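In: Need coordinates for the below:
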Amino acid sequence: MIHKKLLIISIGIFSILFFSLGITQINAQESGEKMVSGIITMVLLDEMKELKEFQITDFDGNNYKFIVTDSTEFGLDESSGDRWVSTQKNTPKESGIKLISHQQRYAPVTVIHDGENAKSIVEREEGKLENNLSYLFSFFLITWIIFFIYIFYIGKKQKVIESAANLVNKR
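Out: From the prediction side, this is the model:
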């Protein structure tokens, strides 16, 4: 009877953790926006040296061309390691320089877009589990829960063995 309760409780805890992790995953695709990762293959500047459009090639060889608007946001790492954050409206010349630098270094970027216009351009977002802190936290949480369930189970077994040994000793 105790084993069934323990099993039901552990299944309940795991299902709650599973569903809560599934809910916290926020994706740009849910809001109607699309995401593409790759390297910049072409940067187009106008006569005033301001960024107008660029082309990105994903890792499957597909080319995507995007127009840069005033609301396009940038979050790019420089070769020195500093992070540069701005919008096209604030620094139209600097954004072109940064994208050309990324093109020359073959630095991968992620573009969130609505099909034609780029909404944001950031360093390539990694989808690896070892880089995701929520998965790391959930792994440790589940490990600790399993550890304490095991300790609880062994404690119950030890009490059963003690009571059986006491019965044998009394006879």
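
In: mind giving me the domain ranges of the protein?
Out: Following automatic domain parsing, one finds the domains of the chain at 2-26+129-170, 33-123.

In: Tell me the gap between the first one and the middle of its chain.
Out: Think domain 2-26+129-170. 27 Å (C-alpha atoms, centre = their mean, to the nearest Å).

In: ok so, going back, output the domains of the chain as CSV; include the columns mean pLDDT.
Out: Below are these laid out as CSV (pLDDT from 0 to 100):
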stretch, mean pLDDT
domain 2-26+129-170, 76
domain 33-123, 87
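
In: Could you identify which of those domains is most buried?
Out: Mean neighbour count (mean count of other C-beta atoms under 10 Å) peaks for domain 33-123 among those, with a mean of 16. For glycine as for every other residue, the C-beta is placed from the backbone atoms N, C-alpha and C.

In: Name the helix or strand for the closest residue to Gln103 other than its chain neighbours, please.
Out: Closest residue to Gln103 apart from its sequence neighbours, by C-beta to C-beta, 6 or more residues apart in numbering: Ile40 at 4.2 Å. Here Ile40, judged by DSSP states H and E, is contained in strand 34-45.

In: Partner strands of whichever helix or strand comes after that strand and their direction?
Out: Next along the chain after strand 34-45, taking DSSP H and E as the criterion, comes strand 51-58. Strand 51-58 sits in its sheet next to strand 34-45 (antiparallel), strand 63-77 (antiparallel), going by DSSP bridges.

In: wait, which of these is closest to Val85?
Out: strand 63-77 (5.1 Å; C-beta to C-beta).

In: Much appreciated, bye for now.
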